[in-house]
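A.B. asks: Predicted structure and sequence below. I'll ask about it afterward.
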Amino acid sequence: MYPRPGFSLLPSSLAPIFGGIPVTPRLASRLGLPSGATLDALGAHIWDELAPEDIRAAAGDVISKVTAASYELSAARLPLTPHDVSIDALDAVSIESRPRNALMRVGYRDGIPAGMTVGRLAGIPHFGAQSLLDVATAIDAVISVYPRPALRRSPSKPSTLEAKPSPTVARLARAIARHRWASAIDRDDPRFGIHLRAIHPSAPTAKGLPGVLVEMPLTPGEAKGVARRLREFEAAVAEAKTLPLDVELDQILAAASTSDRDAAILDARLGLHSGVEMTLQQVGDAADITKERVRQIEKAFRGAIGRRPRAWMPALDRASGSFRDALPGTPEEVASRLAAAGSTPEGFPALAVLRAAETFGEPIAARLDDVTGLLIAESDLSLVSAAVSEARRLVGHWGTSTIDELSAQLNNAGAGPGSPGTLRTVIAHLQDFQWLDDETQWFWLRDTGRNRLLNQVAKIMSVAGRIEIGELREGVGRHHRMCGFRPPREILAELCIQSGLYSRRGDEIIGSPESLPDWRELLGDNERTIAEVLFEHGPVMRRDELEHLAVDIRGMNRRSFYVYLTYSPILARYAPGVYGLRGAPVSAAAVQALIPKQARTHVLQDHGWTPDGHVWIAYKTSAATVASGVVGAPGALKDVLSGSYELYSDDGDPVGTLAIGGNSIWGMSPFFRRRGVEAGDYIVLDIDLTGGRATIKSGTEEIVLIYQDAE
């Protein structure tokens, strides 16, 4: 008769196995038990405190949990009674006829002998959970009534089999304990805890098996059974080590939930296979249950997997370990890299790995970035945000940039340089990104609001219509805000083509009538005045004549005239004292005829002192100079030039260290790479000998003239 009035719903012989299992949350609430209460709480006192219907409900909960543990029970060696219990004694406490008849059929006609184990009783054919509970609670009742042994009708035969420690069991237990996973699998593991408890209820982990089995007395039959269960346990774990992640998650869901339906609900709710977490309402609607029921199922699952630090999940560990190396990338790219590394099955979503790791208590430090759509390590999120902002600033200011320049600017700003691979991946996934040259990593962004480089190109093309690429390159760097910046020829040509405004034919950039703006509308007042003079009287003129017509006749400010003569992209210096519209069809003979006879000539390399006491040195770069970043030091300055100087660009950005020793000056390669300096460009070094600082400028011959004129 189960439940048995006056006694605990959980028999003393089963308490070591089931005592720590939580009462079903709904039942605990009904009985007024605290959250997390275990079956141990259903002691004899409930008969005085609970209504009969509540006691029956509690007994049903115990029956369901015992039923679910049939494998564990069949292996349990826990003793039922310390002495013999006769059939008469069991009848005296009203044992049910079903378990009584089952005992009689298998030979226990006189009752239950001392040393009878839970496993043997549970192994009787057709002896279900309720029969087991009926007999076990009846034994508790008999022992409480008859503290001395209850005699059987005939004395039991003494056992001829001696119980002693088994060498085979000890060897198998020690072999299991040596595995790396032995410490990770404990008695509460969703998949393997039942195996471990079936081997021995007191073993805390697989590593602890030798401590409870090596010296345990066992009969030959018992030793054989324990050895079998040890081998089965080791084989099951070995098989689990090779499972793919999706199968591992399926097994965990099945082990920690009460039905296939609940497992499917949990999978949808947590996104363990899809990577997409659904709301309680969405899952409830799909399963035709209330969202409150979904919440209860999820709570029970989290309670089942949360009674320990972490379930043993080798497939998830492999995926988590590989995840950081697969970053950054789109979810699809990361999933492909994980699959290629053998960490996940082909097609398994990367976001599902994140969801699984978070669910089982060891989150991966990575997030999906909304701007780039990339999975990024949390440690890189601030760098990525800074990189996106800086890339837009660089392209907006210069028109194009490189990964090297971006890395240097981030480092200067204190965000850290970031790895080139990370920066390349992040920037390349911006929606408006385009490579201008993948190999040298020049890029631009279409949607930056403005593009100063294309603005310079538009001015030049408005007056030229078509122009040689090298000449276009010289023009775009003339404006003072460009600080001499000119991307390499092929980069500039590709930018023009990708803008959709121009085409290329050989070494020329050509504008179509539809894409070319009217120079009268595009140019400002001063540039328009100079252009009008050159269109009417040029397209090339001597400087003094151009000055007379623009300043004296048309009223242009003289100072402004010289500023634009130096910086305007639409103008070109064809020879000393001769200027004209850039890209104009002019013959060499026509230019030669305009050169003033007394015009001062300038060497292509010079040096001197600035009014504030700095040394300046001008060079026209060669291919070797650009490749090496090394130039010769003027012999006349050998006694004053030596040591290292912090090197800055004309706009104040640090670009490395300038070193001077012997007859050489070096350290300019970073500047050449970042600013696209090519052979034939002019550079000027402005060196503050006392301040330990040098400035490097690049451009055309005019930057040399500025220093020469200043002297």
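C.D. replies: Nice, thanks for sending it over.

A.B. asks: Please list the residues outside stretch 435-442 that contact it.
C.D. replies: 400-404, 420, 424, 428, 443-444, 487-488, 490-491, 494-495, 498, 676 (Cβ atoms under 8 Å, 6 or more residues apart in numbering). For every residue, glycine as well, the C-beta is placed using N, CA and C.

A.B. asks: now swap in stretch 130-148 and tell me
C.D. replies: So stretch 130-148 is contacted by 1-4, 6-9, 11-14, 62-63, 66, 73, 80-82, 85, 89-90, 92-96, 98-99, 102-103, 112, 118, 121-122, 150 (Cβ under 8 Å, 6+ apart).

A.B. asks: for stretch 299-313, the distance to its chain's centre please.
C.D. replies: Chain-centre distance of stretch 299-313: 25 Å, with Cα atoms, centre = their mean, to the nearest Å.

A.B. asks: Report how far apart the opening and closing residues of that stretch are.
C.D. replies: Stretch 299-313 has an end-to-end distance of 21 Å (criterion: Cα to Cα, to the nearest Å).

A.B. asks: wait, what's in contact with residue 541?
C.D. replies: Contacts of residue 541 (Cβ under 8 Å, 6+ apart): 533, 534, 549, 578, 579, 580, 594.

A.B. asks: ditto for residue 41
C.D. replies: 23, 33.

A.B. asks: The contacts of stretch 130-148 in strands, which ones?
C.D. replies: Filtering the contacts of stretch 130-148 for membership in strands, criterion DSSP state E, returns 85, 112.

A.B. asks: Buried subset of the contacts of stretch 130-148 as a PyMOL selection?
C.D. replies: Buried members of these, defined by 16 or more other Cβ atoms under 10 Å, are picked up in PyMOL with:
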select buried, resi 2+3+4+7+8+9+11+12+13+14+62+63+66+73+80+81+85+89+90+93+95+96+99+102+103+112+118+121+122+150
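
A.B. asks: how near is the residue nearest to residue 208 when sequence neighbours are not counted to residue 239?
C.D. replies: In space, and not counting its chain neighbours, residue 208 is closest to residue 177: 7.6 Å by Cβ to Cβ, 6 or more residues apart in numbering. To residue 239, residue 177 is 19 Å away according to Cβ to Cβ, to the nearest Å.

A.B. asks: Neighbour count: the two, which is higher?
C.D. replies: Each of residue 177 and residue 239 has its neighbours counted (other Cβ atoms under 10 Å); residue 177 has more, 17 against 9.

A.B. asks: Model confidence at that one, what's the number?
C.D. replies: With respect to pLDDT, residue 177 scores 96.

A.B. asks: cool, and the one 10 residues further on?
C.D. replies: Per-residue confidence at residue 187 stands at 84 (pLDDT).

A.B. asks: can you count the residues close to it?
C.D. replies: Using other Cβ under 10 Å: residue 187 sits among 22 other residues.

A.B. asks: ok, now which ones touch it?
C.D. replies: Neighbours of residue 187 in contact, by Cβ under 8 Å, 6+ apart: 193, 196, 197, 201, 203, 204, 205.

A.B. asks: now with 7 Å?
C.D. replies: 193, 196, 197, 203, 204 (Cβ atoms under 7 Å, 6 or more residues apart in numbering).

A.B. asks: Tell me the most packed of those, by neighbour count.
C.D. replies: Neighbour max across the contacts of residue 187 (other Cβ under 10 Å) = residue 196, 24 neighbours.

A.B. asks: The residue nearest to residue 208 contacts residue 210, doesn't it?
C.D. replies: Yes - Residue 177 lies in contact with residue 210 (Cβ atoms under 7 Å); the separation is 5.2 Å.

A.B. asks: picking up where we left off before, which of the contacts of stretch 435-442 fall within strands?
C.D. replies: Filtering the contacts of stretch 435-442 for strands - DSSP E - leaves 401, 402, 443, 444.

A.B. asks: pLDDT, secondary structure and distance to residue 653 for the contacts of residue 187 - can I get that in JSON lines?
C.D. replies: As requested, the contacts of residue 187 are exported to JSON lines (pLDDT from 0 to 100; DSSP: H, G, I helix; E, B strand; the rest coil; distance: Cβ to Cβ, whole Å):
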{"residue": "193", "pLDDT": "84", "secondary structure": "helix", "distance to residue 653": "62"}
{"residue": "196", "pLDDT": "86", "secondary structure": "helix", "distance to residue 653": "64"}
{"residue": "197", "pLDDT": "81", "secondary structure": "helix", "distance to residue 653": "67"}
{"residue": "203", "pLDDT": "86", "secondary structure": "coil", "distance to residue 653": "66"}
{"residue": "204", "pLDDT": "90", "secondary structure": "coil", "distance to residue 653": "62"}
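
A.B. asks: and which of these is nearest residue 460?
C.D. replies: Nearest to residue 460 out of those is residue 193 (Cβ to Cβ; 76.7 Å).
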